[in-house]
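>>> Structure, please.
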Amino acid sequence: MENTPLILSVATFVVIILLYVALSFFLSGRQKEKDLIKRTKKWSDKGKGLDVPVSEERGEKGKGVFEFLKLSGKRKKDADTSIYSDTPLFYQRAGIYNRNSIRSYRIVRAIFFLLPVILLMISHFVYFRPINGATLLTTLVLGYVGYFLPVLWLRVVAHYRKKELSRTFPDAMDLLMVCVEAGMGIDAAIRRVSQEIYITSPELAKEFKILSLELKTGRSRNSCLKNLALRAGLPDIDNLVSLLIQADKYGTGVANALRIHAEEMRQKRYSRLEELAAKLPVKLTVPLILFIFPAFFVVIAGPAAIQVLRVIIQG
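Here you go, the predicted structure:
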């Protein structure tokens, strides 16, 4: 056969990839038990100030060649004391905290990467279609695109989730202010807001619930608030975290600070809505020119054009 070297090279490539994937999942399964033990030890020691750096907590995890299926964005570089510290920040900002969902996501990436190669082998060995350079190049390009397509999808999910958090966060600020002014502590107020805001925004309720769980574990409030700001990635939440940290540091009233911040959030929301309303006439220009003006032109100039054509034809 003329294509025997090419077929052998592609088959070797597929076998190596499959062995690589199998070995990665095997090591990931064994690492899961170790992570559970580490997390249990970490949160069982509440009174010793558990400021464990990421490098010490994870050891050399994530630095080996077995990160092939874990290419998912930046990891946190500073000290991370979140209860989801073993979940990459890329997944957290998309609202994914379940390890089974992360594993399914990596399996989908591997399938999308190997599917074009498998289809190429099936078309050659089953339907006896020849393999040329263009077909092989197309297969490799499709595999590369398929491997990074779930990453693009996850970035889109994170983008829309961020927009939802930004839209509903002022309402959460009002609820938090009301709870604190009613006499509740900041920890109890956060827990209450996580329950009440769930109907409007499940994603924001999830973030506040995680914050409440971290506060229950005995971590310092400043560290838990910083984790919230890191997961959300919103300037408004960063401002709230800075406000609460400064109020706790200098001993100022939290209720008064929250009232001022909530008022600023409402003003920012009104300004944002006014900006969107001011942009509306400019955005309507293109539909007017392309769709509405031609219809007006036909209705207004149509009868006159018909009369002109009749005069020309009769004359």
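>>> Identify each buried residue in the strand or helix carrying residue 286, please.
Assessed by DSSP states H and E, residue 286 sits inside helix 254-287. Within helix 254-287, the residues that count as buried by 16 or more other CB atoms under 10 Å are 254-255, 257-259, 261-262, 265, 269. No exception for glycine: its C-beta is placed from N, CA and C like everyone else's.
>>> which regions of the stretch 151-300 of the chain sit below the pLDDT cut-off?
Applying pLDDT under 70 to the stretch 151-300 of the chain flags no residue at all.
>>> Nearest to residue 277 among the buried residues of helix 254-287?
Distances from residue 277 to the buried residues of helix 254-287, taken as CB to CB, are shortest for residue 269 (12.7 Å).
>>> If we ignore the residues flanking it in sequence, what's nearest the closest one?
Leaving out its chain neighbours, the residue that sits closest to residue 269 by CB to CB, 6 or more residues apart in numbering is residue 170, at 5.2 Å.
>>> Does that neighbour touch residue 265 like I think?
Yes - using CB atoms under 8 Å, residue 170 makes contact with residue 265 at a distance of 4.3 Å.
>>> Identify the contacts common to these two.
Residues touching both residue 170 and residue 265 (CB atoms under 8 Å, 6 or more residues apart in numbering) are residue 236.
>>> what's the spacing between stretch 271-289 and its chain's center?
From the chain centre to the centre of stretch 271-289 is a distance of 28 Å (CA atoms, centre = their mean, to the nearest Å).
>>> Identify, from the buried residues of helix 254-287, the entry nearest to residue 153.
Distances from residue 153 to the buried residues of helix 254-287, taken by CB to CB, are shortest for residue 269, at 29.5 Å.
>>> What are the phi and psi values at residue 197?
Per-residue torsions, residue 197: phi -80, psi 0 (degrees, to the nearest 10).
>>> Could you report the neighbour count for it?
Residue 197 has 23 neighbours, counted by other CB atoms under 10 Å.
>>> shouldn't it be in contact with residue 171?
Yes - using CB under 8 Å, residue 197 makes contact with residue 171 at a distance of 6.9 Å.
>>> need the longest helix for this protein.
Ranked by residue count, the top helix of the chain under DSSP state H comes out as helix 133-181.
>>> next helix or strand past it?
Moving toward the C-terminus from helix 133-181, the next helix or strand (DSSP H and E) is helix 186-196.
>>> I'd like the next helix or strand past that following helix.
Helix 186-196 is succeeded, C-terminally, by helix 202-216 (DSSP H and E).
>>> For the helix or strand following that following helix, list the C-alpha coordinates in PDB.
Next helix or strand after helix 202-216 toward the C-terminus (DSSP H and E): helix 221-232. Provided in PDB are the C-alpha atoms of helix 221-232 (Å, rounded to 0.1, in the frame of the first residue of the first chain):
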ATOM      1  CA  ARG A 221     -13.700  37.400  57.200                       C
ATOM      2  CA  ASN A 222     -11.200  39.400  55.200                       C
ATOM      3  CA  SER A 223      -9.900  36.200  53.600                       C
ATOM      4  CA  CYS A 224     -13.400  35.000  52.700                       C
ATOM      5  CA  LEU A 225     -14.300  38.300  51.200                       C
ATOM      6  CA  LYS A 226     -11.200  38.400  49.100                       C
ATOM      7  CA  ASN A 227     -12.100  34.900  47.800                       C
ATOM      8  CA  LEU A 228     -15.500  36.200  46.800                       C
ATOM      9  CA  ALA A 229     -14.000  39.100  44.900                       C
ATOM     10  CA  LEU A 230     -11.600  36.700  43.200                       C
ATOM     11  CA  ARG A 231     -14.300  34.300  42.100                       C
ATOM     12  CA  ALA A 232     -16.700  37.000  40.800                       C
END
